[in-house]
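Undergrad: here's a sequence, model it:
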Amino acid sequence: MWEYPLFYVLLFLFGFLSLAWSLTAALLDPLLPRRLGRPLGRFMIRSGFRLYLGILRAFGILKTDLSALDRLRTEGGLVVCPNHPSLLDAVLLVSRLPDAVCIAKSKVYDNLCLGSGARMAGYIRNDSPSSLVKMAAHEVRAGQQLLIFPEGTRTERPPINALKGGFALIAKTAKAPVQTVFIESNTHFLGKGWPLFRKPEFPLVYTVRLGRRFDPPTDVRDLVEDLERHYRSEL
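TA: The predicted model follows:
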């Protein structure tokens, strides 16, 4: 029984740490050149996520196997496309990928606890589709890993929602391969439609494995259909 209240105590701690870094980033970002600010911003977010997950594991609330992501650590110019079962997905992946560029919703950019940190890290705001594709493709061509959830939101109907085409358009524009990633869990906790305070069974178990890597696409629609078939066959 103690795991349930402890999880929310630690969630509050995560929010407090995020706020502390966001306020610090708001001060540092205008002062630092981009070549220093972006790596620092990504390092701090990744370190904060690793710390949070480490605390959850230490208390037996969480078990993870993220080791498959280590194969991607030194690879650049890549569009990384995971499925999206829960709110923890970005935390799990960013904690293990040292230089990932994320697509952030506008409400994240406008969030007091997260916005300044996301801006300093160079995360891309998603409220302008044409600008998003242009900026994301530029980052991928520069050798960065782009982390994007092709479902666009958390999975509503397992195994996967119908995929959006943005990831494929970015890959085509950047002439970059697409790496599929599968997140599997023993719970639907923090998934779409799960009330925030509904008690799950602990420990929460998350495993990440790599799927097929698709070549740079020539046809956006074909890639979307191929990826969706691959997800459905694997999950």
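Undergrad: contact partners for the residue nearest to residue 208 when sequence neighbours are not counted?
TA: Spatial nearest neighbour of residue 208, excluding adjacent residues (C-beta to C-beta, 6 or more residues apart in numbering): residue 66 at 5.0 Å. Glycine gets a C-beta too; all of them are placed from N, C-alpha and C. By C-beta atoms under 8 Å, 6 or more residues apart in numbering, residue 66 lies in contact with 92, 93, 95, 96, 206, 208.
Undergrad: how much space is there between the nearest residue to residue 65 once chain neighbours are set aside and residue 153?
TA: Nearest non-adjacent residue to residue 65, counting by C-beta to C-beta, 6+ apart: residue 207, 4.7 Å away. From residue 207 across to residue 153, the span is 22 Å (C-beta to C-beta, to the nearest Å).
Undergrad: ok, those two, which is more surrounded?
TA: residue 207 (16 against 11; other C-beta atoms under 10 Å).
Undergrad: buried residues in the strand ranked longest in the chain?
TA: If you go by DSSP state E, the chain has its longest strand at strand 204-214. For strand 204-214, a neighbour-count test (16 or more other C-beta atoms under 10 Å) marks 204, 206, 207, 208, 211, 214 as buried.
Undergrad: tabulate the residues you listed (a markdown table), appending pLDDT.
TA: Below are the buried residues of strand 204-214 laid out as a markdown table (pLDDT from 0 to 100):
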| residue | pLDDT |
| --- | --- |
| 204 | 96 |
| 206 | 98 |
| 207 | 98 |
| 208 | 98 |
| 211 | 97 |
| 214 | 98 |
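Undergrad: and of the contacts of residue 66, the nearest to residue 177?
TA: Nearest to residue 177 among the contacts of residue 66, counting by C-beta to C-beta, is residue 93 at 17.4 Å.
Undergrad: what about the closest one, neighbour count?
TA: Per other C-beta under 10 Å, the neighbour tally for residue 93 reads 23.
Undergrad: same check, this time on residue 202
TA: Around residue 202 there are 20 other residues, counting by other C-beta under 10 Å.
Undergrad: could you do residue 54 as well?
TA: 13.
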